[in-house]
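Chemist: Fold the following, please.
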Amino acid sequence: MTTKNALETENISKLFFKFAIPSIFGMLIVSLEVMIDGMFLGRNVGSLGLAAVNLSMPLINFIMSVGLMICVGGGVITSIYFGKKKIARAREVTSITLMLLIGVLEFLSLIVLFNLDFFIKFLGANKEVYPYVQAYMIPMMIGAFFYTSPIFTETFVKIEEKPNLVFLSGSVCLISNAILDYLFIAKFGWGMAGGASATLLACMFGFLALLPNLRFKLPQKSLRLYTKDIKNIFFNGSSEMLSVVSSTFAMYLFNLTIMNKIGVLGVSALTIVFYINQMLNISLYGLSQALQPLVAYNLGAKHLDKIKKVLKISLITGGTLGGVAYIGSHIWGEFIIKIFSKGNQELIDLAKTALFYISFSYLISFLNIISTSFLTSIEKPLESVVVSLGRSIVFIAIPLFILPDLIGAKGIWLSIPIAEAMCLVVSYYLMKKAIIKITKRLSKNLK
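Modeler: Numbering: from 1, shown residues only. Prediction:
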């Protein structure tokens with residue numbers, strides 16, 4: 001079979017970039033899609049529209065993180081079954097993953113919709129921005145599955161050894177989203193609801209574009225036969241979920257702090273900077289998605305040398321991306337900020353200051369993001385959770401609660417690079433420890 005033969009025999013460096021390049025470009029396209037949303041909303045709705053998106057994101061990203069957990073967990077289990085040459089079981093797990101994704105996400109979205117007022121107020125929206133958040137949240141919750149669905153197809157086409165199709169999915173999302181944003185926001189004047197609807201439809205088109213390339217096998221009559229697999233899907237994907245949840249919680253803390261210290265304009269500035277941040281972070285997540293099936297397969301196949309080589313290449317590539325992003329943010333940052341600000345000089349100045357301090361995190365974050373995915377891939381989700389929680393909650397909260405009172409708004413922006421530096425120590429230690437354990441285990445099995 002082409003998939004297992006290539007994963008077994010092809011040069012690991014060539015195979016990694018075969019997976020990574022389309023994955024990174026595909027994720028970059030997704031990042032551009034989000035930025036296009038912000039551009040249309042910023043220029044047609046204004047700073048309140050940008051603030052509403054950022055205030056909505058903690059809850060939207062939480063729902064998305066549950067979908068990510070299911071997709072990543074299902075992908076890891078499927079890859080391990082391929083490595084063990086259990087092809088039929090791998091196809092069945094693919095089907096179960098999709099069933100779980102649809103059922104769980106729609107259930108969660110109903111809970112939010114029936115308690116929407118509570119959630120909007122909990123997110124920190126004041127009377128001024130409340131209607132904008134409400135208009136954005138309703139369609140995003142109704143279409144929760146479609147918002148997350150490209151993660152499923154893009155994860156599993158890589159397992160099927162069709163990584164180039166990720167670029168197709170991203171292109172479909174980008175082009176359709178740009179067209180729909182123009183129609184719904186600029187032309188029809190649908191505002192926040194138009195932006196959300198454009199995003200959902202674009203994601204749906206990206207999902208449908210790749211769906212025919214996946215191979216499914218209906219599970220046997222009783223799902224009880226797959227209890228262990230379902231448990232492992234949630235268990236192995238939990239670290240990826242918590243990685244996003246912790247980042248989401250950090251965003252929530254930032255929003256509350258900024259609303260208290262600066263106001264709505266500060267949240268708008270942070271939204272613009274997060275659009276820029278996302279270009280790097282989403283590329284690193286694309287890189288880590290390429291790492292996962294390769295490491296998981298070679299774990300199942302007991303190829304220790306290939307596991308180490310994939311990790312080394314991932315770190316070198318991630319560090320290069322971080323360096324390019326840092327330099328690029330200082331060269332083109334102001335130009336990008338002006339695209340979203342609609343000539344609001346106060347907003348431009350605030351966003352420039354925030355970007356200057358936050359950009360230092362670009363030189364560190366790659367190792368922390370890659371470490372969470374690597375630890376997940378070798379079935380060390382608890383260690384991955386430690387890195388995720390440390391990076392985005394514990395180490396963020398400490399400087400965020402202390403520095404603003406000492407040095408003002410500058411302390412808010414500095415919290416991010418300080419948190420990344422603190423987490424770097426933990427990431428390095430846990431990865432080194434995991435590699436030593438895996439080396440001993442696989443070496444013992446080969447004797």
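
Chemist: Now do the contacts for the nearest residue to residue 169 once chain neighbours are set aside.
Modeler: Setting aside the residues directly before and after it, residue 169 is nearest to residue 206 in space (C-beta to C-beta, 6 or more residues apart in numbering), at 4.3 Å. The C-beta positions use only the backbone N, C-alpha and C, and glycine is treated the same way. Contacts here follow C-beta atoms under 8 Å, 6 or more residues apart in numbering; on that basis residue 206 touches 149-150, 153, 169-170, 172-173, 176.

Chemist: What strand or helix carries residue 206?
Modeler: helix 191-210 (DSSP states H and E).

Chemist: likewise residue 232?
Modeler: With DSSP H and E as criterion, residue 232 is part of helix 227-261.

Chemist: Distance from the chain centre to that helix, please.
Modeler: 10 Å (C-alpha atoms, centre = their mean, to the nearest Å).

Chemist: So which bits of it are buried?
Modeler: By 16 or more other C-beta atoms under 10 Å, the buried positions in helix 227-261 come out as 229-230, 232-259.

Chemist: tell me which strands and helices it is in contact with?
Modeler: Secondary-structure packing of helix 227-261 (3 or more C-beta pairs under 8 Å, 6 or more residues apart in numbering; DSSP states H and E): helix 47-83, helix 87-114, helix 264-300, helix 365-377, helix 381-389, helix 395-407, helix 409-446.

Chemist: Any idea how many residues pack against residue 436?
Modeler: 10 (other C-beta atoms under 10 Å).

Chemist: now residue 117
Modeler: Neighbours of residue 117 (other C-beta under 10 Å): 10.

Chemist: residue contacts, it?
Modeler: So residue 117 contacts nothing (C-beta under 8 Å, 6+ apart).

Chemist: tell me which element it is part of?
Modeler: Using DSSP H and E, residue 117 falls in helix 116-122.

Chemist: in the following helix or strand past that helix, what's buried?
Modeler: Downstream of helix 116-122, the first helix or strand assigned by DSSP H and E is helix 130-142. Neighbour counts over helix 130-142 (16+ other C-beta under 10 Å) mark 130, 132-142 as buried.

Chemist: Could you provide those in a markdown table, with additional columns for pLDDT?
Modeler: Output for those, formatted as a markdown table (pLDDT from 0 to 100):
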| residue | pLDDT |
| --- | --- |
| 130 | 95 |
| 132 | 95 |
| 133 | 95 |
| 134 | 96 |
| 135 | 96 |
| 136 | 95 |
| 137 | 96 |
| 138 | 96 |
| 139 | 95 |
| 140 | 94 |
| 141 | 95 |
| 142 | 94 |
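
Chemist: For those, give me JSON lines that also has distance to residue 439.
Modeler: Shown next, in JSON lines, are the buried residues of helix 130-142 (distance: C-beta to C-beta, whole Å):
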{"residue": "130", "distance to residue 439": "55"}
{"residue": "132", "distance to residue 439": "53"}
{"residue": "133", "distance to residue 439": "50"}
{"residue": "134", "distance to residue 439": "53"}
{"residue": "135", "distance to residue 439": "54"}
{"residue": "136", "distance to residue 439": "49"}
{"residue": "137", "distance to residue 439": "48"}
{"residue": "138", "distance to residue 439": "51"}
{"residue": "139", "distance to residue 439": "50"}
{"residue": "140", "distance to residue 439": "45"}
{"residue": "141", "distance to residue 439": "46"}
{"residue": "142", "distance to residue 439": "49"}
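
Chemist: Nearest to residue 428 among these?
Modeler: Each of the buried residues of helix 130-142 was scored against residue 428 by C-beta to C-beta, and residue 140 proved nearest at 37.2 Å.

Chemist: Quick one: residues contacting the closest one.
Modeler: 56, 60, 147, 196, 199-200.

Chemist: what do you get for residue 80?
Modeler: By C-beta under 8 Å, 6+ apart, residue 80 lies in contact with 296-297, 299-300.

Chemist: Nothing else from me, thank you.
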